[in-house]
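> could you work out the structure for the sequence below:
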Amino acid sequence: MSKFLILMSMIAMVIAACTGDAVEEAVTEEAETIAQVATDVVVVEDPTEVVVEPTVEEVVVEPTLAPTTIPATPIPPTAEPTAVPEISAYNAPEWTNLPLVNARTGETFTLADFAGKTVFIEPMATWCTNCRAQQTNVAQAMTQLNADEFVFISLSVGENVSDSVLADYADRNGFPQVFAVASDDITRALVDTFGFSVTSPPSTPHFTISPIGTVSSLSTGRKSADSFVQEALTVQGS
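Numbering: from 1, shown residues only. Sure thing, here's the model as predicted:
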């Protein structure tokens, strides 16, 4: 910038000193000089330019949390089922699967339902006095035996009686035995197995079925309570 001012001063002095053609020539020469000087002027860019370096973004590494392990709640071991003692092969005849109806409760059952127990069966009739006396002795024997191991059943045969009449007969005499009316199918099966005497109540017939299904022969005649107890225990142990 100072060079430019100096040049302008020199031009003014030349103009003042020269006149006419001399002035014109001097002006021309001076103009050429100024142009040359102007050409030599170097424009310096602003040195204050700030170069901003790219900022490297700071990477914040979040601390990785270790997965929380929740201890599993221990599962108590499943209790082993109580072993049920096996019953030896039940070999009772097929007719033990025929249905009967409990005269008191109306529930249906079969003689085979009592597998594993000793079963005492007594064919009877509500009009039979010998049967009533025999059933009294049986009821006394039952008080001496475990009800979980022995079952006593009175089957009405040879008479046309309803469940309600049979139940009333049992209750009036205080008999704890199971009472049921023998169906025609069971009556025929009993006759085929033991003969017609099984349907003769006055002869007080009875037979037993062992815990494994073995059927005894038919017995007749009145017996004491002790005799029934002994017989039942013998069958149970056989």
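> rest of the way, CA atoms for contacts and neighbours
Fine.
> contacting residues around residue 216?
Neighbouring residues of residue 216 by Cα atoms under 8 Å, 6 or more residues apart in numbering: 207-210.
> would you list those in a markdown table and tack on neighbour count, distance to residue 105 and pLDDT?
Output for the contacts of residue 216, formatted as a markdown table (neighbours: other Cα atoms under 10 Å; distance: Cα to Cα, whole Å; pLDDT from 0 to 100):
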| residue | neighbour count | distance to residue 105 | pLDDT |
| --- | --- | --- | --- |
| 207 | 17 | 24 | 97 |
| 208 | 23 | 23 | 97 |
| 209 | 26 | 23 | 97 |
| 210 | 25 | 25 | 96 |
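> any chance of TSV for those, columns secondary structure and distance to residue 124?
Shown next, in TSV, are the contacts of residue 216 (DSSP: H, G, I helix; E, B strand; the rest coil; distance: Cα to Cα, whole Å):
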residue	secondary structure	distance to residue 124
207	strand	12
208	strand	15
209	strand	17
210	coil	21
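> any chance of the residues you listed in a markdown table, plus distance to residue 175?
Listed next are those as a markdown table, based on distance: Cα to Cα, whole Å:
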| residue | distance to residue 175 |
| --- | --- |
| 207 | 19 |
| 208 | 19 |
| 209 | 21 |
| 210 | 23 |
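> just the closest of those residues to residue 152, please.
Among those, residue 208 lies closest to residue 152 (Cα to Cα), at 9.3 Å.
> from residue 166, how far off is the closest one?
Separation of residue 208 from residue 166 (Cα to Cα, to the nearest Å): 22 Å.
> list the contacts of residue 179.
Here residue 179 is in contact with 102-104, 153-156, 166-167, 170 (criterion: Cα under 8 Å, 6+ apart).
> return the member of these nearest to residue 177.
Nearest to residue 177 among those, with distances taken as Cα to Cα, is residue 153, at 5.6 Å.
> on the three-state scheme, that closest one is what?
strand (DSSP: H, G, I helix; E, B strand; the rest coil).
> I figured it hits residue 114, correct?
No. If you go by Cα atoms under 8 Å, residue 153 and residue 114 don't touch, sitting 11.2 Å apart.
> residue ranges with poor pLDDT in the chain?
Low-confidence segments of the chain, defined by pLDDT under 70, span residues 1-88, 238.
> so where do the helices sit in it?
Shown for the chain, the helices assigned by DSSP state H span residues 2-17, 20-40, 129-142, 163-173, 184-194, 225-237.
> just give me the neighbour total for residue 184.
Residue 184: 10 surrounding residues under other Cα atoms under 10 Å.
> from residue 96, how far out is it?
14 Å.
> could you do residue 187 as well?
Relative to residue 96, residue 187 is positioned 12 Å away (Cα to Cα).
> residue 161 against residue 182, yeah?
No. Using Cα under 8 Å, residue 161 is not in contact with residue 182, being 10.0 Å away.
> these two - which one has more neighbours?
The neighbour comparison of residue 161 against residue 182 (other Cα under 10 Å) goes to residue 182, with 24 against 14.
> isn't that one up against residue 154?
No. With contacts counted by Cα under 8 Å, residue 182 stays clear of residue 154, the gap being 9.3 Å.
> run a quick neighbour tally on the residue lying closest to residue 222 once chain neighbours are set aside.
Using Cα to Cα, 6 or more residues apart in numbering and skipping residues adjacent in sequence, the residue nearest residue 222 is residue 134, 5.9 Å away. By other Cα under 10 Å, the residues close to residue 134 number 20.
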